[in-house]
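next one to model:
(one chain, ligands or ions: 2)
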Amino acid sequence: MIVTIDGVAASGKSSVSAGVAQALGVPYVSSGLLYRAATLLGLEAGTDLGDARALLTCLEAAPPRLEPLASGNRVWQGGRDLTPDLHSSRVDSGVSVVAALPGVRAWVDAQLRALPQPFVAEGRDMGTAVFPQAGAKFYLTASPRVRAERRASERPEEVDAIEAALVERDRLDTLQSVPAEDAQVIDTGGLSLQGVIDAVLAGLPRA
Ligand SMILES: Nc1ncnc2c1ncn2[C@@H]1O[C@H](COP(=O)(O)OP(=O)(O)O)[C@@H](O)[C@H]1O
Ligand SMILES: Nc1ccn([C@@H]2O[C@H](COP(=O)(O)OP(=O)(O)O)[C@@H](O)[C@H]2O)c(=O)n1
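Ligands and ions are numbered 1, 2, ... in the order given. Next up, the predicted model:
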């Protein structure tokens, strides 16, 4: 079975997916890492991030590959591990422009659909566009302030700047961030990480 966990930026998707996947004994798949890898490679090549043709040429020349390890997903380009460079503020601020390109979305979706199942998939459109047949779907939310405070432990910027950047990214990501009609929506604001993992596990269909 595929379980999808979508939600807004820094709502807890990857940490919750890791915990749920561990409890189920399956890998998890962080789709956002592929959009981040496309952005990083575009930045490094000096291409205009809105230029789909140039980006796809980069992606096809030396395709990044997602490795959905249970201990944390990694992205490789040949022997180079791109993962440590994917969460910079530079990638944060360019990624939504790249993710708006239909050609890049099709490239990411093809990578995801080729992965061996089962798994927990997290992102924005896992339960809608990519795996509409998933056996259980969740959508995580929390206020921008709560999310910015959480992310502040992982970024050098002040919490106000992080909050503004998250709100702007939510705005740019609106189109692909609609919850699936059959998703269970969880406001994670008042919950611990383990509390959210438990809520997802409690929401799974019984075997
Ligand atoms: N319910 C929670 N309570 C407190 N901190 C959380 C919670 N969920 C996630 N976090 C923390 O918030 C940060 C962002 O979580 P992450 O899983 O990276 O979100 P996303 O994948 O949605 O961007 C991480 O530091 C994570 O440990
Ligand atoms: N399924 C997905 C996943 C990510 N994305 C894009 O990729 C960006 C980074 O996603 P992410 O999941 O790594 O970001 P965070 O939510 O962790 O901040 C998002 O801001 C979206 O622009 C997307 O469009 N569709």
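
which residues in the chain form strands?
Using DSSP state E, the strands of the chain run over residues 2-7, 28-30, 65-67, 74-77, 80-81, 119-123, 136-141, 184-187.

Gln111: which of those is closest?
Nearest of the strands of the chain to Gln111, taken as CB to CB: strand 65-67 at 6.1 Å. Placement of C-beta: from N, CA and C, glycine included.

CSV for the strands of the chain, including distance to Pro102?
Compiled in CSV, the strands of the chain are given as follows (distance: least, CB to CB, whole Å):
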stretch, distance to Pro102
strand 2-7, 19
strand 28-30, 21
strand 65-67, 20
strand 74-77, 21
strand 80-81, 27
strand 119-123, 16
strand 136-141, 23
strand 184-187, 27
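
for ligand 2, see how far away the residue lying closest to Thr83 once chain neighbours are set aside is.
With sequence-adjacent residues excluded and distances taken as CB to CB, 6 or more residues apart in numbering, Thr83 is closest to Arg74, at 4.5 Å. Arg74 sits 13 Å away from ligand 2, taking CB to the nearest ligand atom, to the nearest Å as the criterion.

who is Arg74 paired with across the strands?
The partner list for Arg74 in beta bridges (DSSP bridges) reads Glu67.

could the strands of the chain be laid out in JSON lines, adding distance to Leu193, mean neighbour count and mean pLDDT?
Output for these, formatted as JSON lines (distance: least, CB to CB, whole Å; neighbours: other CB atoms under 10 Å; pLDDT from 0 to 100):
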{"stretch": "strand 2-7", "distance to Leu193": "13", "mean neighbour count": "26", "mean pLDDT": "98"}
{"stretch": "strand 28-30", "distance to Leu193": "14", "mean neighbour count": "25", "mean pLDDT": "98"}
{"stretch": "strand 65-67", "distance to Leu193": "23", "mean neighbour count": "16", "mean pLDDT": "97"}
{"stretch": "strand 74-77", "distance to Leu193": "21", "mean neighbour count": "17", "mean pLDDT": "97"}
{"stretch": "strand 80-81", "distance to Leu193": "26", "mean neighbour count": "12", "mean pLDDT": "98"}
{"stretch": "strand 119-123", "distance to Leu193": "14", "mean neighbour count": "28", "mean pLDDT": "98"}
{"stretch": "strand 136-141", "distance to Leu193": "11", "mean neighbour count": "23", "mean pLDDT": "98"}
{"stretch": "strand 184-187", "distance to Leu193": "12", "mean neighbour count": "16", "mean pLDDT": "98"}
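
right, I'll leave it there.
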